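S.K.: Everything below, folded, please.
(one chain, ligands or ions: 1)
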Amino acid sequence: MKIKTILAIIAIIILPNTHTMAQNTLAKATKGKFLFGVAVNMQQVNGVNPIESELIAKEFSAIVPENCMKPQPIHPEEKRYEWTDADKVVAFGEKNKLVVTGHCLIWHSQIGRWFFVDSAGKDVAPEVLKERMRQHIHTVVGRYKGRIKGWDVVNEAFEDNGTFRKSKFYQILGKDFIKYAFQFAHEADPKAELYYNDYNVETPAKCEAIVGLVKELKAAGCRIDAVGSQAHWHMDSPTIDAIETSFKNLKAAGVKILITEWDISILPSPYSGANISQNFRYSKEMDPYREAVPDSVQKEWNKRVLDMFGLYLKYNDVVDRVTVWGLTDNGTWLNNFPIRGRKDYPLLFDRNNKRKSVVDEMITMAKKYKSKN
Ligand code: G3I
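M.R.: Take a look at the predicted model:
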């Protein structure tokens with residue numbers, strides 16, 4: 001009797017707590033404030049590692065494919081589209097009630113060379129490129145009409161100093177390629193949200209250029225719902241003040257803000273952008289945490305996470321989604337960028353698929369903010 005009573009008391013104390021723990025996810029804590037998303041790869045979507053697939057379904061409220069909807073993988077040749085992976089991502093999102101974003105329609109990187117040249121290998125005329133863009137965007141956006149909440153329509157059109165990147169799109173069509181992309185995407189799915197997405201958005205000159213673009217697009221009657229700040233950030237840069245200033249400027253321009261590819265590299269970096277053509281030589285000094293991250297460094301990283309997350313919450317009237325660029329430290333692109341073969345720790349789940357302790361603090365923080373709807 002006595003033991004039974006004690007067990008019953010223990011159950012009364014413990015069970016509700018374990019239940020609450022099971023309910024405690026970032027998806028739930030941020031509900032009504034912003035979506036909390038993750039970039040997914042095909043192993044996760046295909047269930048090759050079911051633990052990862054389940055974590056995605058449970059801990060997040062949104063997904064974006066890390067690679068398979070980019071121009072090259074989805075449209076490798078003019079007359080050939082590869083739908084298998086992208087179809088699976090959209091179905092995975094629907095099955096698990098996760099909001100799906102499309103990434104990305106027009107990008108200078110990961111795009112087939114065929115897009116820009118004729119059969120003789122010469123640059124095509126502006127009208128030809130414009131028509132290829134129209135076909136590409138109409139076909140891809142049209143296929144998922146009504147099933148994808150919004151698209152990264154144009155990715156990385158500016159240099160950090162605010163000038164236009166001299167991509168093939170820019171060289172052949174001038175800056176109007178951006179306007180065309182937004183027009184075509186809107187024609188293909190009038191209800192889809194449309195985003196401009198870039199890295200180093202908090203760099204003043206780049207932010208000013210992006211604000212200028214937003215104004216121009218709006219003046220031309222184009223739909224643009226949000227600017228995506230990729231947020232591939234570091235331990236010491238950018239400052240929280242710089243990020244906040246960019247939020248204020250974007251908010252004043254009348255667009256929503258999305259944190260689209262959030263990760264915080266814990267490693268020293270010779271470079272602070274996300275231009276994947278940048279690469280530097282490996283050295284042991286640049287890869288200091290092969291065995292483990294020292295406590296003091298981990299604490300600093302946690303503080304960075306919380307400072308940034310606090311800012312997203314403070315601006316949750318305009319921040320509509322926060323997406324981390326990958327699930328676990330094992331799968332992060334940063335293990336190979338900008339130096340190949342390092343061991344980075346930039347994400348919210350560790351190499352054993354274990355949620356990092358900072359997530360509990362993020363959840364507590366998020367719960368202090370009221371839902372905006
Ligand atoms: O799919 C091929 C595979 O068939 C081949 O065997 C293998 C050999 O290298 O490459 C595979 O493709 C790789 C692809 O990721 C899928 O894993 C590419 O080489 C590799 O370059 C590509 O890297 C991606 C990178 O974009 C370039 O597109 C990263 O995973 C992805 O995280 C990264 O994401 C970008 C965002 O889209 C835009 N913002 C910057 C961000 C980080 O660079």
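S.K.: give me phi/psi at the closest residue to the ligand within the stretch 251-373 of the chain?
M.R.: Using CB to the nearest ligand atom, W333 is the residue of the stretch 251-373 of the chain that sits closest to the ligand, at 3.6 Å. All C-beta atoms are positioned from the backbone trio N, CA, C, and that covers glycine. When read as degrees, to the nearest 10, the backbone of W333 gives phi -60, psi -20.
S.K.: And for it, the neighbour number?
M.R.: For W333, the neighbour count with other CB atoms under 10 Å is 18.
S.K.: my guess is it contacts D344, does it?
M.R.: No - applying CB atoms under 8 Å as the test, W333 and D344 come out as separate, 9.2 Å apart.
S.K.: what number of residues lie near D176?
M.R.: D176: 14 surrounding residues under other CB under 10 Å.
S.K.: One more: G150?
M.R.: 25.
S.K.: Quick one: residues contacting it.
M.R.: Residues in contact with G150 (CB atoms under 8 Å, 6 or more residues apart in numbering) are T101, G102, A192, E193, L194, Y195, D225, A226.
S.K.: Name the residues linked to it by a beta bridge.
M.R.: On the basis of DSSP bridges, G150 is bridged to T101, E193.
S.K.: per-residue confidence for it?
M.R.: What the model reports as pLDDT for G150 is 99.
S.K.: what does the one 3 residues further on give?
M.R.: Confidence at V153, expressed as pLDDT, is 99.
S.K.: Pretty sure E361 sits in a helix.
M.R.: Yes - using DSSP: H, G, I helix; E, B strand; the rest coil, the assignment for E361 is a helix.
S.K.: residues contacting it?
M.R.: Applying CB under 8 Å, 6+ apart, we find E361 in contact with N302, L306.
S.K.: Over to I51?
M.R.: I51 is in contact with N353, counting by CB under 8 Å, 6+ apart.
S.K.: State the distance from it to F169.
M.R.: 40 Å (CB to CB, to the nearest Å).
S.K.: In contact with the residue in the stretch 51-200 of the chain that the ligand sits nearest to, which residues?
M.R.: Nearest to the ligand in the stretch 51-200 of the chain, going by CB to the nearest ligand atom, is Q110, at a distance of 4.1 Å. Neighbouring residues of Q110 by CB under 8 Å, 6+ apart: N67, K70, P71, Q72, P73.
S.K.: Next, K206: secondary structure please.
M.R.: Applying three-state DSSP: K206 is helix.
S.K.: that older thread, in helices only, show me the contacts of Q110.
M.R.: When the contacts of Q110 are checked against helices (DSSP state H), the matches are P71, Q72, P73.
S.K.: need those in a markdown table with distance to the ligand and pLDDT, can you?
M.R.: Formatted as a markdown table, those follow (distance: CB to the nearest ligand atom, whole Å; pLDDT from 0 to 100):
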| residue | distance to the ligand | pLDDT |
| --- | --- | --- |
| P71 | 10 | 98 |
| Q72 | 8 | 98 |
| P73 | 7 | 98 |
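S.K.: Just put these in a markdown table and tack on neighbour count and distance to R340.
M.R.: Output for the ones in helices among the contacts of Q110, formatted as a markdown table (neighbours: other CB atoms under 10 Å; distance: CB to CB, whole Å):
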| residue | neighbour count | distance to R340 |
| --- | --- | --- |
| P71 | 22 | 24 |
| Q72 | 16 | 21 |
| P73 | 17 | 21 |
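S.K.: Show me which of the residues you listed is closest to T84.
M.R.: Among those, P73 lies closest to T84 (CB to CB), at 10.1 Å.
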